[in-house]
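Trainee: next comes the sequence, and after it the predicted model I'd like to discuss.
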Amino acid sequence: MSALNVLPLDNALEELRQTLRQGQRAMADWNGGELAVSAVPGAGKSTGMAVAAAIAIAKYKLHRQNQLVIVTFTRSAASNIRKKVRKHLEQLHLPQSAFTVNTLHGLAFSIASSHREISGFSMGETQIVSESQKQRLIRLTAAQWIKDYPKLYGLLLEGRGFDGEDTERLRRQTVLRTDVLPSLAREAIATAKSSGLTPEDLRNVVRIGGIPDGGTILEIAAGLFDTYNRLLKQQGMLDYDDMILGALRVLENESVRQYWQDRIFAVFEDEAQDSSPLQTKLLEILAGQSVLVGSQLAVMEPIALEVSNLIRVGDPNQAINSTFTTADPSFFNRFCDRCDRQQRLVTLDQAGRSTARIMTAANFVLDWVNQSQYAKQEAPFRQQRIRAVDANDPQTNANPEPLGRGVEIYLPEVLDDIGQEADRIGERVKQLLEGDRNLSIAILVRQHNQGKFISERLQAFAKEHEIPIYDVEQSNRRSRVPADMLTILQFMERPHSTDNLKAALTVMAERQLINTQQDLNALASTPEQFLYPTVLDPELSRIAKEAQAKCTGLLRAKIELPLYNLIAFIAMTLDYEQGELATADKLGDRLSQELSGNYNMATVIEALQDIVLSENFEAVEEENLEDRYVKLGQLTVISLHKAKGLDWDVVFMPFLSDRICPGSPFMPDGMRFLGDYTLPEVARAQIRSILHEDSVPDPIAAWNQCNTLKQAEEFRLLYVGMTRAKRLLWLSASRNAPFNWNNLDSRTDKVSVCPAIAALAQKFPELR
Ligand SMILES: Nc1ncnc2c1ncn2[C@@H]1O[C@H](COP(=O)(O)OP(=O)(O)OP(=O)(O)O)[C@@H](O)[C@H]1O
């Protein structure tokens, strides 16, 4: 039993508070009102917030009707913080119903769908558009726009660089339809919609005039945006922005707003640097007892708040979503500055995660970038240095001893090519694990193909030395569960079809259940002979017999088991891991519900076909997914974006060329349509200027601005990666690397190192 269990509540709360370091205690001591917490990586934002939540629940006697709402960015972060708060409340004997943890979209969706008559979400219109559906929709949008706006299309077609040749016309038509217009639509819609701007708003800006290019690009963007909204509605679907907009619409109604505000005592937001202005507005309304001035949908119009119980915790230096959304560190920075003027800003600059050298390296990179040419327009980082914790810190083993040199840098002078770079990493991993099998180790990559390359390259070596590799991207197979099930059931239903057998064998081969060194086409070409050979048929090889046994096992199950149990049986046969099993369970439940009274092989297959085609089935998020990423003794290969919020004893960051970080503006020759810039980037920067209430820049300035922001974000990604390491950080780049990682043959022999890393290596030669 924990000591907290036997103490009176006040003492127990004090004891809990004592588990926090000085800076974190400011969160626990919150007395209502607004509070900004800007913290360095590893400062213990989430840890502090969970304790602060439990203390607030006790202090203000919160309960189901008057709750604390915690909001974070991703579902895994939500489950992480939920677990922590639950544990504290359990120890304090306080009601678990006093809080909820939501993602922003989850929260918005609950609000919007609780008042469908106001949000405009009709009953059938709750299907959220999936990524691939969105891709299709965007392509359709481009095609429809071409029909609806022939004049603007003509302008693009015959704009800059057109020589009147038929072949050039055809080329331009294809590029516009399949590439430029879809990308332009995607960027413009994402930027405008997540800012609460409508197509009409964009047109109004054009109408007012004074835009250097006459507003052509904004006109095109408005048309695409209109078309997209119409098509989305026609298909009865919503996107993520609709959820936020729907919730805001609902909250414009006074009695509804009152209802939600009465139920919500306070809002605590984690990862606040990732929220867009519209999302922030939603939280401000929920956290406040507001008197509305104007409409929430007009982002820039202020809402007058009488009281706002809102804690926003974040790290502007870890803002890595601004190139996908309108989240922008400048918004959180502004909130921090505002709170600072009211003495309501807490800065947590002590962190216990990393060894001293790693903090020094991260601080150096931050300073270097902020003083470099990349900071001319706007500094990519808030000037915040990471400090070690004090000697009496509550975190055990805070700022641990380094492994090796703590930070190790390998540059093109010693690394010839990416193959050698990968091999050296393999060697170092082996060496480290020989010293201590209980280390957590990760390779962080910027692009999926880099992860694929390195895990394939190291596969044999890792096998030989019994180092399990967990490649997060390749293992993300849960979403394939319905398709796998469909394939296997189709095979069970008609095993003598060559196509069905081949498809089933392929699923098993992909899951490494059967040996892939055999020719599956040959096995599948004569299903009868393969499945039930007679004495006259040629003998199957040993590995073919193993595959055969798997197939006949499935066919036997079809005869022996009730149909209801087949899904579970297939899941077992396919050797699903925990998350996939949970997804298969959920799928089984859904089929039983949908087909109650009419459950047979044909209807199950038909229902599965619908699910796979419409993709309207969500995989179950494994609660402890993060634990899998940081498992000891394993080599995790993971993208920088997914690595955010996690940490490992050892972190490898390979392929750090200047092409990757910070990257450079890239404009393929065939992409010049109206001028020397690419249209999606220009549209994005022009719309962003409307949101920031700046004057709309001319296309060239807009293009430069967009690239500057992208580069700033690349440096922040680098910083996020570096600060994931506890005891050893490896940074490397080799001389010969692909120009473009989608094509490994596009080698260039003169790779320049990311300038911040080159400067780091120069400043600390002992790290090389
Ligand atoms: N008061 C504390 N006592 C003990 N351990 C702590 C404390 N605060 C933080 N930690 C530990 O420090 C590490 C970092 O904490 P946490 O993940 O909360 O930081 P963060 O600020 O959210 O990090 P980041 O933003 O870099 O992802 C975790 O391992 C956590 O358990």
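Mentor: All right, it came through fine. Numbering: from 1, shown residues only.

Trainee: going forward, measure contacts between C-alpha atoms and count neighbours the same way
Mentor: Will do.

Trainee: CA atoms of the host helix or strand of residue 108 as PDB?
Mentor: With secondary structure defined by DSSP states H and E, residue 108 is part of helix 104-114. Coordinates of each C-alpha in helix 104-114 appear next as PDB, following Å, rounded to 0.1, in the frame of the first residue of the first chain:
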ATOM      1  CA  LEU A 104      -8.600  18.200 -29.500                       C
ATOM      2  CA  HIS A 105     -10.400  16.600 -32.300                       C
ATOM      3  CA  GLY A 106     -12.100  14.000 -30.100                       C
ATOM      4  CA  LEU A 107     -13.300  16.800 -27.800                       C
ATOM      5  CA  ALA A 108     -14.600  18.900 -30.700                       C
ATOM      6  CA  PHE A 109     -16.400  16.000 -32.200                       C
ATOM      7  CA  SER A 110     -18.200  15.200 -28.900                       C
ATOM      8  CA  ILE A 111     -19.400  18.800 -28.700                       C
ATOM      9  CA  ALA A 112     -20.400  19.100 -32.400                       C
ATOM     10  CA  SER A 113     -22.200  15.800 -32.500                       C
ATOM     11  CA  SER A 114     -24.100  16.500 -29.200                       C
END
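
Trainee: what residues does it touch?
Mentor: The set of residues external to helix 104-114 that reach it, using C-alpha atoms under 8 Å, 6 or more residues apart in numbering, is 71-73, 119, 121, 240, 243-244, 246-250, 279.

Trainee: which bits of this structure sit near the ligand?
Mentor: Proximity of the chain to the ligand, by C-alpha under 6 Å from any ligand atom, involves residues 19-21, 41-47, 352-353, 394-395, 645-646.

Trainee: compare those residues and tell me which has the most neighbours.
Mentor: Within the residues of the chain next to the ligand, most neighbours by other C-alpha atoms under 10 Å means residue 41, with 29 neighbours.

Trainee: so which of the residues of the chain next to the ligand sit within strands?
Mentor: Among these, no member falls in strands (DSSP state E).

Trainee: for the ligand, what's its nearest residue on the stretch 201-350 of the chain.
Mentor: residue 315 (6.7 Å; C-alpha to the nearest ligand atom).

Trainee: so who does that residue touch?
Mentor: Contacts for residue 315 (C-alpha under 8 Å, 6+ apart) come out as 38, 39, 40, 41, 271, 272, 273.

Trainee: try it again at 7 Å.
Mentor: Applying C-alpha atoms under 7 Å, 6 or more residues apart in numbering to residue 315 gives the contacts 38, 39, 40, 271, 273.

Trainee: again with residue 171
Mentor: Taking C-alpha under 7 Å, 6+ apart as the definition of contact, residue 171 has no neighbours.

Trainee: neighbours of residue 582, how many?
Mentor: For residue 582, the tally of surrounding residues (other C-alpha under 10 Å) stands at 18.

Trainee: are we agreed that it is in a strand?
Mentor: No - remark: residue 582 does not belong to a strand; assigned using DSSP: H, G, I helix; E, B strand; the rest coil, it is helix.

Trainee: relative to residue 79, how far out is it?
Mentor: Residue 582 is 16 Å from residue 79, where distance means C-alpha to C-alpha, to the nearest Å.

Trainee: re the thing from before, which one of the contacts of helix 104-114 sits closest to residue 497?
Mentor: Nearest to residue 497 among the contacts of helix 104-114 is residue 240, at 41.6 Å by C-alpha to C-alpha.

Trainee: rewinding a little: any chance of TSV for the contacts of residue 315, columns pLDDT, distance to residue 15 and secondary structure?
Mentor: Formatted as TSV, the contacts of residue 315 follow (pLDDT from 0 to 100; distance: C-alpha to C-alpha, whole Å; DSSP: H, G, I helix; E, B strand; the rest coil):
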residue	pLDDT	distance to residue 15	secondary structure
38	95	25	strand
39	96	23	strand
40	97	25	coil
271	92	27	coil
273	92	31	helix
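
Trainee: just the helices from the stretch 101-250 of the chain, written as ranges.
Mentor: 104-114, 116-119, 131-148, 150-157, 166-175, 181-193, 199-208, 216-234, 240-251 (DSSP state H, counting those that start in this stretch).

Trainee: now render the ones you listed as JSON lines, adding mean pLDDT.
Mentor: Formatted as JSON lines, the helices of the stretch 101-250 of the chain follow (pLDDT from 0 to 100):
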{"stretch": "helix 104-114", "mean pLDDT": "87"}
{"stretch": "helix 116-119", "mean pLDDT": "80"}
{"stretch": "helix 131-148", "mean pLDDT": "88"}
{"stretch": "helix 150-157", "mean pLDDT": "91"}
{"stretch": "helix 166-175", "mean pLDDT": "79"}
{"stretch": "helix 181-193", "mean pLDDT": "93"}
{"stretch": "helix 199-208", "mean pLDDT": "94"}
{"stretch": "helix 216-234", "mean pLDDT": "95"}
{"stretch": "helix 240-251", "mean pLDDT": "91"}
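
Trainee: now the ones you listed in TSV, with distance to residue 262?
Mentor: Below are the helices of the stretch 101-250 of the chain laid out as TSV (distance: least, C-alpha to C-alpha, whole Å):
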stretch	distance to residue 262
helix 104-114	14
helix 116-119	19
helix 131-148	36
helix 150-157	50
helix 166-175	53
helix 181-193	29
helix 199-208	33
helix 216-234	33
helix 240-251	13
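
Trainee: closest one to residue 388 among those?
Mentor: Among those, helix 104-114 sits nearest to residue 388 (C-alpha to C-alpha), with 32.4 Å.

Trainee: show me how far that closest one is from its chain's centre.
Mentor: Helix 104-114 has its average C-alpha position 19 Å from the chain's average C-alpha position, going by C-alpha atoms, centre = their mean, to the nearest Å.

Trainee: same question for stretch 71-78.
Mentor: Stretch 71-78 sits 11 Å away from the centroid of its parent chain (C-alpha atoms, centre = their mean).

Trainee: and if you look at stretch 40-58?
Mentor: 23 Å.

Trainee: give me the low-pLDDT residue ranges for the stretch 401-550 of the chain?
Mentor: Along the stretch 401-550 of the chain, segments meeting pLDDT under 70 span 474-478, 516.

Trainee: nearest residue to the residue in it that the ligand sits nearest to in space, please, no chain neighbours.
Mentor: Closest residue of the stretch 401-550 of the chain to the ligand, C-alpha to the nearest ligand atom: residue 440 (12.7 Å). Of all residues not flanking residue 440 in the chain, residue 632 sits nearest, at 4.5 Å (C-alpha to C-alpha, 6 or more residues apart in numbering).

Trainee: who are the contact partners of the one you found?
Mentor: By C-alpha under 7 Å, 6+ apart, the residues touching residue 632 are 438, 439, 440.

Trainee: what does residue 454 give?
Mentor: Taking C-alpha under 7 Å, 6+ apart, we find residue 454 in contact with residue 422.

Trainee: helix or strand: which one has it?
Mentor: Applying DSSP H and E as the criterion places residue 454 in helix 448-464.

Trainee: that older thread, now for the helices of the stretch 101-250 of the chain, which one comes closest to residue 467?
Mentor: Closest of the helices of the stretch 101-250 of the chain to residue 467 is helix 131-148, at 34.1 Å (criterion: C-alpha to C-alpha).

Trainee: picking up where we left off before, what subset of the contacts of residue 632 is buried?
Mentor: By neighbour count, with 16 or more other C-alpha atoms under 10 Å, the contacts of residue 632 hold 439, 440 as buried.

Trainee: now the contacts of residue 632 in JSON lines, with secondary structure?
Mentor: Formatted as JSON lines, the contacts of residue 632 follow (three-state DSSP):
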{"residue": "438", "secondary structure": "coil"}
{"residue": "439", "secondary structure": "coil"}
{"residue": "440", "secondary structure": "coil"}
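
Trainee: looking at the contacts of residue 632, spot the one nearest residue 386.
Mentor: Nearest member of the contacts of residue 632 to residue 386, counting by C-alpha to C-alpha, is residue 440, at 22.5 Å.
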